[in-house]
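Participant: Next input, structure requested:
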Amino acid sequence: MKSPIKSIATLAAALFLFAPAALAQTPQLDPGEKLEKLQFPAVTMQLKGWTKFGNSDVYTLPVRAGQHVKISFETKSKFAFLAIFDLSKPDDEAFFGTDEDGTSYETTVKENATWLLRPYYSKVSPRRGLGAPYSILIEPLAAAPQPAKPAAEQPEQPSLFPKRK
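Facilitator: As a prediction, the model looks like this:
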């Protein structure tokens, strides 16, 4: 029979080992942000919203290895942007941001993960107004075609005409 102390120690060790994995999937939200959990769409999904520091929606999107996806961000404001984070990674740096990388991101997912899509209104820009409307398109794409394998070299067939050089 196990002693209660050993059982508690085993449980504590298990929690200690698995806590970082659980924490990696929980995004840190700014005050006023609301989290919306998405499912990977079968067809193009459009998200519309309004972003202002501290009062906007953020989205989690689970992705699986091999899925091909394109995410596009549109806004009329020059101060609104989208950042995409990988919650399965321990660092808190965005791997894509519309402020530096353009308005769309297209990739084939390499490993299972959960992405955090965070539209935001720039804090460092001289801005006026109440924020900015935005639109995010999430497009599942067919997998990129595999390059065709060259046909196996076939033996040269006899011909009545000489080959061009």
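Participant: Residue 99 - that's part of a helix, no?
Facilitator: Yes: looking at residue 99 with DSSP: H, G, I helix; E, B strand; the rest coil, it is inside a helix.
Participant: these two touch, right, it and residue 78?
Facilitator: No: look at residue 99 against residue 78 with CB atoms under 8 Å: they stay out of range, at 10.1 Å. (Each C-beta comes from the backbone N, C-alpha and C, glycine too.)
Participant: the more surrounded of these two?
Facilitator: residue 99 (13 against 10; other CB atoms under 10 Å).
Participant: tell me the contacts of residue 96?
Facilitator: Shown in contact with residue 96 (CB atoms under 8 Å, 6 or more residues apart in numbering): 71, 82-84, 105.
Participant: okay, it: pLDDT?
Facilitator: pLDDT, residue 96: 92.
Participant: Torsion angles phi and psi at it?
Facilitator: Dihedral angles of residue 96 (phi, psi; degrees, to the nearest 10) stand at phi -150, psi 140.
Participant: so how far is residue 55 from it?
Facilitator: To residue 55, residue 96 is 23 Å away according to CB to CB, to the nearest Å.
Participant: any low-confidence regions in the protein?
Facilitator: Applying pLDDT under 70 to the chain flags residues 1-25, 53-54, 123-129, 143-157, 165.
Participant: if you set the cut-off to 90 instead, what comes out?
Facilitator: 1-33, 51-56, 77-80, 88-94, 99-102, 120-132, 141-165 (pLDDT under 90).
Participant: the strands in it, which residues?
Facilitator: Under the criterion DSSP state E, the chain contains strands at 34-37, 45-51, 57-63, 68-74, 80-86, 96-97, 104-108, 113-121, 132-141.
Participant: residues in contact with the fifth one?
Facilitator: Just to be clear, that refers to strand 80-86. Everything outside strand 80-86 that qualifies as a contact, by CB under 8 Å, 6+ apart, is 27, 51, 71, 73, 92-99, 105, 113-122, 131-132, 134, 136.
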